[in-house]
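**Student:** From the sequence below, what's the structure:
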Amino acid sequence: MATLNLNDEFRRLNEEQKQAVLLDENTVVLAGPGSGKTATLVIKIGHLVSEKISAPSGLACITFNNDAVREFRNRLGQLGIHAHQGLFLGTVHSFCLNCVVRPYASLVDPRFRDGIAVAGEDRANELLDEAARTVIANPDIRWMGSRLTRLRRAIACGENTSGFEDTDPQIVTAYENLLLREGLIDFEGIIITALNLITEHAWVRRFLAARFPWLIVDEYQDLGGPLHRIVTSLIDHAGIRAFAVGDPDQTIYDFTGANPQYLDELASRSDFTPIRLKFNYRSGQRIIDASQAALAPTEPRGYVPDPKRQTQGEVFFLKSDGHISDHAAKTADAVAAARQTGTPWEEIAIFYRAAGGLVDAIKVELERKQIPFIWERDATFPTAPLVRWLQATAAWSLSAPEDREQSFDELFRFFSDLLQTTGRMERGSSSLDSRILFHKFLTHPVQENSTVRDYVAQAETFLGLKHLLAGSHEYATDLERYERLTELAAVEGNLSAARLREFSAYGKVRGKVVLTTLHGCKGRQFDVVIIPGCAEGMLPGWIWNRAQRTWEPPLERPLAEARRLFYVGLTRARHKIYLAYSTAFENRFGALVQLGISRFAKEISDKLKAV
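**Tutor:** Down below sits the predicted model:
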């Protein structure tokens, strides 16, 4: 049942948002942090499906990850709009698999005539390691995986492939041959196959244009070259119209091939109307000024706070001696200061650039000061959306009603998506039988001292998750991680004795400070943000030149990437930012390297005249 009215929600938009919704042409919405881009996108979809598009045609909304899919589905559901055959809501992988590869690939490619088998992440990594070993000795695929993804994307898009290792093309060829040998396609291969189908076959473009006369793309800057070529091919050769939302300044997944140039290119086309959303409804003016100073000191973006906002926000600088232990101590001091002003634990976030000595020291210091926190990179249990959801269901079952972080409907929505994706429930429906079954699972008596093994067995008894996951290519990685969880829980001496309270702790964050990477903070917001390590050599990182035995500053492109990453971290803050800075950083041998205060912190200080 709809709880919101589309016309009322439209009237709440500002003038730029309204213009974007009403334009009946190709549009790029340049949406800075806190600008209300999700509301704009959701109301645009509502406007198109209710006013502009007639059945059986529809539209496809392509997003960056499944969390965004669930948020859009929830918001559209509040408007009485539900996903159905004519309205696709999904990730780029899901769109390419279900709307392009699955319906059309078998007609032109013999590989797919007997069906499509998708390699999960674990299996893909095993094959990549096998391929790499045929080319080089003792490969470390942890570091080459993202580089090879960039190479595969560049090859697929006909882009410049210089700058890669000489052995990279050989490894890619060997890897793709192994996939072919086993009759598998990986997630990157799904997108590349879809791109080839669309660019090489006019009839595929015509079918897609008939089904989806509009494409809506969220976080366009992060989705990479192959999707950009898919979109432009459908616009140029099939007449599809596009509504792209994104922010070049928030491109932080460069290691996978994301590049701000794609959104910039779309915005500069003569057949597109660019609209910039100038209001920041999240942060005050001082936080906006600070983030802009670190991003582009000489190129202000002109963002302004919500006119109704009463406070400007605050930025604090905490001086450290450079040792990671002191940066950690200053981080804990910032948490204490935020708590003294009444900030809830869960509204305080600590961001760091990469795993290593600094984050280890922060964890030690938080534990020493008895500060409750959740470290989001903790790998005690396998990580995957389904495992995190299962942890959240355990937290719900163990918590009193007033302490539950998520509602029954929010948890059921994940299970409903799984049922719909696997064909067990019609798109847009909310089967009463399924709700009853899920409610029985959640309310089945559990104890804090129950084991993870007991809980996984209970999930299988009530929900049959393994069978459901096996029925969908889109959940290949979730299935791998869920099977890993069940294996670990069944083996004596591993997680078999792990208690349910420990497992569920990773499914709720109320009462805990969030400790996560700068990459992991994307799309989130907190009252207080703390960023330690603001020293040259750490933020931004420098390169050790072994031959010259000296530290070298970052080159232009890595520096631009570091600026965007730091900017994203700063713009998560609603009210306060704490920056722990120093003139030196501690290297891996425990020595202090004097490279100066982080240029980012210095630029912010100069802008705000804070120190």
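
**Student:** and the strand or helix carrying Asn125, which residues are buried?
**Tutor:** Using DSSP states H and E, Asn125 sits in helix 121-133. Within helix 121-133, the residues that count as buried by 16 or more other CB atoms under 10 Å are Glu121, Arg123, Ala124, Asn125, Leu127, Leu128, Asp129, Ala131, Ala132. C-beta here means a position set from N, CA and C on the backbone, and glycine is covered the same way.

**Student:** Could you pull up the residues touching the nearest residue to the last one once chain neighbours are set aside?
**Tutor:** By that I understand Ala132. Take Ala132 and drop its neighbours on the chain: the residue closest to it by CB to CB, 6 or more residues apart in numbering is Pro139, 3.6 Å away. Taking CB atoms under 8 Å, 6 or more residues apart in numbering, we find Pro139 in contact with Asp129, Ala132, Arg133, Ile171.

**Student:** Helix, strand, or coil at the last one?
**Tutor:** Yep, that's Ile171 we're talking about. Classification of Ile171 by DSSP: H, G, I helix; E, B strand; the rest coil places it in helix.

**Student:** Hmm, Asp129 and it touching each other?
**Tutor:** No - between Ile171 and Asp129 there is no contact under CB atoms under 8 Å: 10.1 Å.

**Student:** hmm, back to that, next up, phi/psi of the residue nearest to Ala132, please.
**Tutor:** Backbone torsions for Pro139, taken as degrees, to the nearest 10, come to phi -70, psi 150.

**Student:** pLDDT at the residue nearest the centre of the chain, what is it?
**Tutor:** Nearest to the geometric centre of the chain sits Asn65, at 5.7 Å (CA atoms, centre = their mean). As predicted, Asn65 sits at a pLDDT of 81.

**Student:** Equivalent analysis for Leu128, please.
**Tutor:** The predicted local confidence for Leu128 is 94.

**Student:** tell me the contacts of it?
**Tutor:** Leu128 is in contact with Ile141, Gly145, Leu148, Ile171, Tyr175, counting by CB under 8 Å, 6+ apart.

**Student:** let's go with 7 Å and repeat that
**Tutor:** Ile141, Gly145, Tyr175 (CB atoms under 7 Å, 6 or more residues apart in numbering).

**Student:** Name the nearest residue to the last one, sequence neighbours excluded.
**Tutor:** This points to Tyr175. The shortest distance from Tyr175 to any non-neighbouring residue, by CB to CB, 6+ apart, is to Ala131 (3.8 Å).

**Student:** still on that earlier bit, which of the contacts of Leu128 has the most neighbours?
**Tutor:** In terms of neighbours by other CB atoms under 10 Å, the contacts of Leu128 top out with Tyr175 at 24 neighbours.

**Student:** Show the pLDDT at it.
**Tutor:** 95.

**Student:** now do Arg501
**Tutor:** On the pLDDT scale, Arg501 gets 77.

**Student:** ok, it touching Glu448?
**Tutor:** Yes - counting by CB atoms under 7 Å, Arg501 does reach Glu448; the two are 4.4 Å apart.
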